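>>> Predicted model follows, preceded by the sequence.
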Amino acid sequence: MRIVLASQSPSRLGILRSAGVEPVIRPADVDEDALLAELIDAPPAERVAALASAKAAAVADDFPDDVVIGCDSMLLLDGELQGKPHTVDATTERWRRQAGKTAELLTGHCIIRGSERVVDTATTRVFFADATDADIQAYARSGEPLECAGAFTLEALGGWFIDRIEGDPSSVIGLSLPLLRRALYSFSLDVSDFWAR
């Protein structure tokens, strides 16, 4: 039995590898914009959980004997969900809005094993530094935050600009190990079953 990651996120892969797991990588092809448009009135946690569920379900049939993980993260800032900024200009603008503020990073998870399924969302409060405009622009130009939910990383250059978090650090990076552990236990599996030998 293997863990299958329905994502091409290097951060999620890094979390699993650091935790002793070498997953099968099978990125899911999901129209995230269309799904979010259908769920426009749903609560934020439900929206990110729905994205995670769509990703896991897209590949689960190909891995009936394995554990499939789908995840999605978005930042809840001033009551609005923020996805990946994609461009330097959008990243700069986002950071000018979030610098010095507190927001919630929501990471939806869907973990599937055969007919069993756990869907949950981890929420972590992020306290952003009041970064200078020069640092905001330099960080945006670095390219690092362009494809990150919330336009930041915790584990690399972005760590300079996060004063603190309240919650699960691994969920901020993209995949909650505590949430995954609880899901595996609910399937009567041990975490150590998946450690690379």
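Thanks, I have it. Numbering: from 1, shown residues only.

>>> For the residue of the chain most remote from its centre, list the residues it contacts.
Within the chain, the residue lying farthest from the chain centre (Cα atoms, centre = their mean) is Ala134, at 27.5 Å. If a contact means Cβ atoms under 8 Å, 6 or more residues apart in numbering, then Ala134 has no contacts. To be clear about C-beta, it is placed using only N, CA and C from the backbone, and glycine gets the same treatment.

>>> what helix or strand does it sit in?
helix 133-142 (DSSP states H and E).

>>> Backbone dihedrals for the most centrally placed residue in the chain, both of them.
Closest to where the C-alpha atoms of the chain average out (Cα atoms, centre = their mean) is Gly174, at 3.1 Å. Phi and psi for Gly174, reported as degrees, to the nearest 10, are phi 140, psi -10.

>>> which residues sit against the next helix or strand after the helix holding Ala134?
Next helix or strand after helix 133-142 toward the C-terminus (DSSP H and E): strand 162-166. By Cβ under 8 Å, 6+ apart, the residues outside strand 162-166 that reach it are 124-129, 152, 154, 172.

>>> in the helix holding Ala134, what's buried?
136-137, 139-140 (16 or more other Cβ atoms under 10 Å).

>>> Let me know the closest of the residues you listed to Ile40.
Ala140 (28.1 Å; Cβ to Cβ).

>>> all helices of this protein, in order?
Using DSSP state H, the helices of the chain run over residues 10-18, 32-38, 44-60, 88-98, 133-142, 169-173, 177-186.

>>> who does the shortest one touch, helix- and strand-wise?
So the one you mean is helix 169-173. helix 10-18, strand 102-113, strand 116-128, helix 177-186 (3 or more Cβ pairs under 8 Å, 6 or more residues apart in numbering; DSSP states H and E).
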